[in-house]
Structure formats: structure tokens, C-alpha cells
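> starting from these lines, generate the structure:
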Amino acid sequence: MKQKFTLLLLAISLSINVFAQTDKKEITNTFNAYKTTLDNLQLEKSMDFIYPKLYELIPKEQIVAAFKKTFSDTNLKIKFNNIKLKSISEIISFNKVKYALISYSYSMSFTFSEDYSIEEFYTIYQQKYGKNNVQKNDKTRTINIKMDKMFYAINDPKYGDFWRFLEKNESQMKLLEMLIPKEIIEKL
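This is a model prediction of the structure:
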């Protein structure tokens, strides 16, 4: 009897591990697809990878319009570089929704026209992101910022069987608490 119970526990443990590995692979594949939209500056398409519950609070069209306005400024060229997935936490299920926390890094380059004061932006970015994370090239009028960020990866059956992302941003914790259960925020 004890041997059967041990085998049952082993089987359950192995099946849980297989599902976790499948989820992590799906998160990785979805992150890579999201990365491709950013690499190609397909900003509207990239919104498909954001947790749709956010759009119940802030209309998707409003977010897309803000991105388009920023990226259509002819005096400023923005580019995403070196987007890399670094790690994926354990997968946690809560009320039929699966959650994980992913860590990733990237850099953004901002190339400014003569209409902008590059020095002013350089100072602001150094204060916000740290002096070691911000480099300036006066010749090309470019500022490059290296960033480490975190996303919640969320697979909510209400929105289809698809992993989506929501940035973990301490300055927007009140918004996150409207979108993600407090129990999950505390665990991840």
C-alpha cells in the first residue's frame, strides 16, 4: 500500500512538472512573439499581448493613440533593442487563472533632432534609470537606456487560452491591484 501511494505521489509530481514546463514554454513563445512586434514597431499589434482586463479600465484605443503620437514625432526616433527574457517564476493558479512573473531586459534608444535639448533628457533619464544605465552619444544625438523590468504573465480563460502580459510597476500598484488578486501580487 505504501509503495502504491509513493508511486501515485511520484506520478502526480511528474505530471505537475510537465504542465509547468509546457506553460513556461508557452510563456517564452508568447514573449518572443511580443518581442517581434516591438522590434518591428508594430505598436498596435503589440497591444494584443497585453492583459485585456486592462482595457476595461483604460480603453485600448487611448493607449494606442498615445503610442502613435509618441512614435510619430518626427523630431524623435525611438527604437527597442536587445529584448531578452531572463527568467520565469513558478506558475500559480488562482480561481482558474494562471499567473507567473517574468524578468526581462531591454534597451531603448532615443535619437533627437536639433529641436530637443539632449542634455536635459540625459539628466532626466539618469535620475530615473541610474547613471550606469544611460549612455549618450552627442555625435548621433542618441541616448540609450538599459532596463530590467518585470511582467506578470497571465493566462485567463475569460480572454482565451493565451498568455498575456502586464508590467509590474511599483508606481502603478493601485492599478495592478484592480487587475490581479492581492494574493498573487503578494506571492509573486
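> where does the prediction get shaky in the chain?
1-21 (pLDDT under 70).
> mind listing the helices for it?
Secondary structure of the chain (DSSP state H): helices at 2-39, 43-46, 60-71, 118-129, 173-179, 182-187.
> in a markdown table: those helices, plus distance to Lys139 and mean neighbour count.
C-beta: built from backbone N, CA, C; applies to glycine. Below are the helices of the chain laid out as a markdown table (distance: least, CB to CB, whole Å; neighbours: other CB atoms under 10 Å):
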| stretch | distance to Lys139 | mean neighbour count |
| --- | --- | --- |
| helix 2-39 | 25 | 13 |
| helix 43-46 | 28 | 16 |
| helix 60-71 | 24 | 12 |
| helix 118-129 | 11 | 14 |
| helix 173-179 | 40 | 12 |
| helix 182-187 | 44 | 13 |
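> Gln37 touches Ser46, doesn't it?
Just so we're on the same page, residue 37 is Thr rather than Gln. Yes: counting by CB atoms under 8 Å, Thr37 touches Ser46, with 4.0 Å between them.
> distance of Asn169 from Leu175?
Asn169 is 8 Å from Leu175, where distance means CB to CB, to the nearest Å.
> re earlier: would you list the helices of the chain in TSV and tack on distance to Ile83?
As requested, those are exported to TSV (distance: least, CB to CB, whole Å):
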stretch	distance to Ile83
helix 2-39	5
helix 43-46	11
helix 60-71	16
helix 118-129	16
helix 173-179	22
helix 182-187	24
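> closest one to Lys84 among the ones you listed?
Among the helices of the chain, helix 2-39 comes nearest to Lys84, with 8.5 Å by CB to CB.
> returning to what we had before: closest to Gln135 out of the helices of the chain?
Closest among those, using CB to CB: helix 118-129, at 9.2 Å.
> and that closest one, what does it pack against?
Applying 3 or more CB pairs under 8 Å, 6 or more residues apart in numbering; DSSP states H and E, we find helix 118-129 packed against strand 97-112, strand 134-137, strand 142-155.
> so which bits of the last one are buried?
Of the residues in strand 142-155, those scored as buried under the neighbour-count criterion (16 or more other CB atoms under 10 Å) are Thr142, Ile143, Asn144, Ile145, Lys146, Met150, Phe151, Tyr152, Ala153, Ile154, Asn155.
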